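**Student:** need a structure here:
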Amino acid sequence: MGFWENAVVFAQIVLINLLLSGDNAIVIAMAGRRLPPGQRQAAVWWGAAAAVLLRCVLTVGAVALLDIPFLQTVGAILLLGIALKLLLDQKDQHGETRAASTLAGAVWTIVVADFVMSLDNVLAVAAVADGDIALLVIGIAMSIPIIIWGSSFIMRLLDRFPFLAYVGGALLGYASGEMLLKDRGLAPLLSRLDADAHRALPFALVALLLAAALWMRRRGR
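**Tutor:** So this is what the prediction gives:
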């Protein structure tokens, strides 16, 4: 490819990382927020490192993995469970945390969520790079500052505006719905739905997730 073609591809990779690294940053911020102030930055760095490492590993087999029927459905269920856990662990109206969190527990939550969410990111960047290893490596490397800065910024926002945790949970629920729509194993079933039902599925999962979180928090109190 010539200079301008490489420049266009590079710009596409930057845009993809900006759009698709947001979910990873949200998970790191929501998990790290439960930690003592001294451990938050460690969670951000370990979480970002896990996200980038997973993308490097998944790059090799992303296409093959996404072809496995019902794999994305399992991932969507896992992501919904993680989102619900993070919502339930946020501070209540009196500013108290429901359960103490450890650095290891927060990092494990981040690793599992990153594994689920990194498939689409890797596949998108790999498709744009079109086999160009240098551009592929650049695309993965660009995830580092985006995730670190983004998660730190979101964490500060959550401290100042705790209700935004539900916005983050809603975004993760929406990502789960999109994963279900892309699962080839569900394609025969989803093909029976009309276009409006397809568009409504992610929003339905968001509503279900938020309703479950609010009900479980109220029942817990």
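**Student:** drop to CA atoms for contacts and neighbour counts, all remaining ones
**Tutor:** Noted.
**Student:** Tell me if I'm right that residue 107 and residue 42 touch.
**Tutor:** No - with contacts counted by C-alpha atoms under 8 Å, residue 107 stays clear of residue 42, the gap being 9.2 Å.
**Student:** Neighbour count for these two, which is higher?
**Tutor:** Taking other C-alpha atoms under 10 Å, residue 107 and residue 42 do not tie; residue 107 has more neighbours (22 against 15).
**Student:** give the contact list for that one.
**Tutor:** Going by C-alpha atoms under 8 Å, 6 or more residues apart in numbering, residue 107 touches 31, 43, 46, 47.
**Student:** If we use 6 Å, what do you get?
**Tutor:** The contact partners of residue 107, by C-alpha atoms under 6 Å, 6 or more residues apart in numbering, come to residue 47.
**Student:** which stretch of helix or strand covers residue 86?
**Tutor:** For residue 86, the element it lies in under DSSP states H and E is helix 71-88.
**Student:** Need the contact partners of that helix.
**Tutor:** The contact list for helix 71-88 (C-alpha under 6 Å, 6+ apart) reads 116, 169, 173, 176, 179, 180, 183.
**Student:** Quick check: phi and psi at residue 35.
**Tutor:** Here is the backbone geometry of residue 35 (degrees, to the nearest 10): phi -90, psi 160.
**Student:** Tell me, how many residues neighbour it?
**Tutor:** For residue 35, the tally of surrounding residues (other C-alpha under 10 Å) stands at 20.
**Student:** Look up how far residue 28 lies from the closest residue to residue 157 other than its chain neighbours.
**Tutor:** Computed as C-alpha to C-alpha, 6 or more residues apart in numbering, the closest residue to residue 157 that is not its neighbour in sequence is residue 164, at 7.7 Å. From residue 164 across to residue 28, the span is 14 Å (C-alpha to C-alpha, to the nearest Å).
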